[in-house]
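1. take this sequence and fold it.
(one chain, ligands or ions: 2)
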Amino acid sequence: MHSEQDNRPALPALAIVVPTFNEHGNVAELVRRLHRTLGELDWEVVFVDDDSPDGTSAVVRNLACRDRRVRCVQRLGRRGLSSACIEGVLATCAPLIAIMDADLQHDESLLMAMWSAFAEPGLDVVIGSRYVEGGGVGEWAVSRQLASRLATRLGHLIVPDRLQDPMSGFFMMRREAFEQSLPHLSAVGFKILLDLFASSRRELRFIELPYTFRPRLAGESKLDEQVAWEYFMLLADKLVGRWIPVRFVAFGLIGLLGVGVHFAALFAAHRLLGWDFVPSQAVATLLAMAGNYTVNNLITYRDRRRRGWAWWSGLLSFGLVCSVGAIANVGVASHQFERDGRWVWAALAGILVGAVWNYAVTAFYTWGSRTRPSTASA
Ligand code: GDD
Ligand code: MN
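-> Ligands and ions are numbered 1, 2, ... in the order given. I've put the predicted structure just below:
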């Protein structure tokens, strides 16, 4: 055992970083296949598991006890494919890093070709691509094919068109290229490759190698509507995040929705039920506030969603903060109105000040942000 360690060079030449969530039935087979394809190359595999309920971490650590090439990073209380990949890369010192799924959908036999491609000097990334000649998506339902095509189209808003499979989760990268993108990554959601390209401060030199996406071995996909939402957050962050935090955009849009709720409730109470204006307006305000809180809790802060008792205390703090926001709104608007008499501008100024206040203070008190509000840690 010890002599084996002493004979090994200190630095693995290649690290394969594998994010996992509920993949206990796949990891052993993946390690077996890595041994088969990578053979004597000096490699290690770093699994980054988000404390999977199915015990993936324990399975990986078991493998690690018998095989020094296997390592396990277990994260507690966290979720997210991209952030898992980032932490996996940071946990290894290998100069070349491959990112790969655990479910065997990515063809491990491509790893050697990726490795060899780095003989070309100056190359930053080699991508396993489903959309170049010779590659394919395998047995996908038409709906998933269309969704993937659409997502790829949208992705081209933020990465070069000649990158044909920016949604790929299978690629090999030079560590140095990764590190220079690192401080600028959004780290939200599933699309780590897209994020790397969109965040790099210099143009990345890449090639794409074809492979065919295989069916999953065991377990099920984690791609759900939350992942889709996070993808839009990532796109928005890359498009406007430099100037406005994306959560503020979501918060603002939901605020507009609240105006709709307000008028609907006001109309129902005042006109349909015949209540006086003041109680109608009060009820409409409360409903709009509660509605906004609910939707923000579901969407804007889905990664920090409050549930149970915390839902109610969140509603209270949201209500208090927004009441102060409303006072600020009216104060600023009346001041502005007295200065130049243009009521639309005065109202907009009031709304903007109120919205910024509500956003900034609820981000801190209601959804307790210890990180920057613009970057989700989910
Ligand atoms: N640590 C961690 N945390 N791992 C995760 C999480 C998470 O929250 N969510 C998913 N994973 C792991 C899975 O366990 C799997 O190893 C890998 O990330 C991919 O997840 P899947 O659920 O299998 O995703 P998919 O097959 O639908 O999507 C894959 O293909 C897409 C191409 O259409 C991924 O590779 C995507 O990145 C890729 O875009
Ligand atoms: Mn998969």
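2. how about stretch 36-54, which residues are buried there?
-> Across stretch 36-54, burial judged by 16 or more other C-beta atoms under 10 Å covers 38, 43, 44, 45, 46, 47, 48, 49, 50, 52. From N, CA and C alone the C-beta is placed, and that goes for glycine too.
3. next to ligand 1, which bits of this structure? Give me the list.
-> Counting by C-beta under 6 Å from any ligand atom, the chain comes close to ligand 1 at 19-21, 23, 48-50, 79-81, 84, 101-103, 105, 148, 167, 169, 190, 221-223.
4. my guess is residue 97 contacts residue 89. True?
-> Yes - counting by C-beta atoms under 8 Å, residue 97 touches residue 89, with 5.3 Å between them.
5. show me which of the residues of the chain next to ligand 1 are buried.
-> 19-21, 23, 48-50, 80-81, 84, 101-103, 105, 148, 167, 169, 190, 222.
6. which of these fall in strands?
-> 19, 20, 48, 49 (DSSP state E).
7. which residues pair with the last one across the strands?
-> Counting by DSSP bridges, residue 49 is bridged to residue 20, residue 74.
8. just the pLDDT for it.
-> pLDDT for residue 49: 97.
9. what of the first one?
-> We note a pLDDT of 97 for residue 19 in this prediction.
10. contact partners for the closest residue to it other than its chain neighbours?
-> Distances taken as C-beta to C-beta, 6 or more residues apart in numbering put residue 84 closest to residue 19, at 3.8 Å, once the chain neighbours are dropped. Contacts for residue 84 were tallied using C-beta atoms under 8 Å, 6 or more residues apart in numbering; they are 19, 20, 48, 49, 50, 75, 78.
11. need the helices for the stretch 51-200 of the chain, in chain order.
-> Secondary structure of the stretch 51-200 of the chain by DSSP state H, counting those that start in this stretch: the helices cover 56-66, 81-90, 110-117, 142-155, 175-181, 192-199.
12. could you single out the most deeply buried of these?
-> Among the helices of the stretch 51-200 of the chain, helix 192-199 has the highest mean neighbour count (mean count of other C-beta atoms under 10 Å), at a mean of 25.
13. next, the angle helix 110-117 makes with the helix or strand just after that helix.
-> From helix 192-199 onward toward the C-terminus, using DSSP states H and E, the following helix or strand is strand 206-210. With axes from the mean of the first three to the mean of the last three C-alpha atoms, to 10 degrees defining the directions, strand 206-210 sits at 150 degrees from helix 110-117.
14. name the helices or strands packed onto strand 206-210?
-> helix 110-117, strand 125-129 (3 or more C-beta pairs under 8 Å, 6 or more residues apart in numbering; DSSP states H and E).
15. need these in JSON lines (columns: mean pLDDT and distance to residue 252).
-> Shown next, in JSON lines, are these (pLDDT from 0 to 100; distance: least, C-beta to C-beta, whole Å):
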{"stretch": "helix 110-117", "mean pLDDT": "95", "distance to residue 252": "43"}
{"stretch": "strand 125-129", "mean pLDDT": "96", "distance to residue 252": "35"}
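16. longest helix anywhere in the chain?
-> In the chain, ranked by residue count with DSSP state H as the criterion, the top helix is helix 308-340.
17. sorry, back to before: quick check: neighbours shared by residue 97 and residue 89?
-> The contact sets of residue 97 and residue 89 overlap at 15, 17, 175, 178 (C-beta under 8 Å, 6+ apart).
18. and the closest residue to residue 113 other than its chain neighbours, how far from residue 127?
-> Using C-beta to C-beta, 6+ apart and skipping residues adjacent in sequence, the residue nearest residue 113 is residue 209, 5.7 Å away. With distances taken as C-beta to C-beta, to the nearest Å, residue 209 is found 7 Å from residue 127.
19. what's the answer for residue 89, then?
-> Using C-beta to C-beta, residue 89 is found at 16 Å from residue 127.
20. and the longest helix of the chain, average pLDDT?
-> 92.
21. for the nearest residue to residue 206 once chain neighbours are set aside, what are its contacts?
-> Closest residue to residue 206 apart from its sequence neighbours, by C-beta to C-beta, 6+ apart: residue 125 at 4.2 Å. When contacts are counted by C-beta under 8 Å, 6+ apart, residue 125 touches 171, 172, 173, 174, 177, 193, 196, 204, 205, 206, 207.
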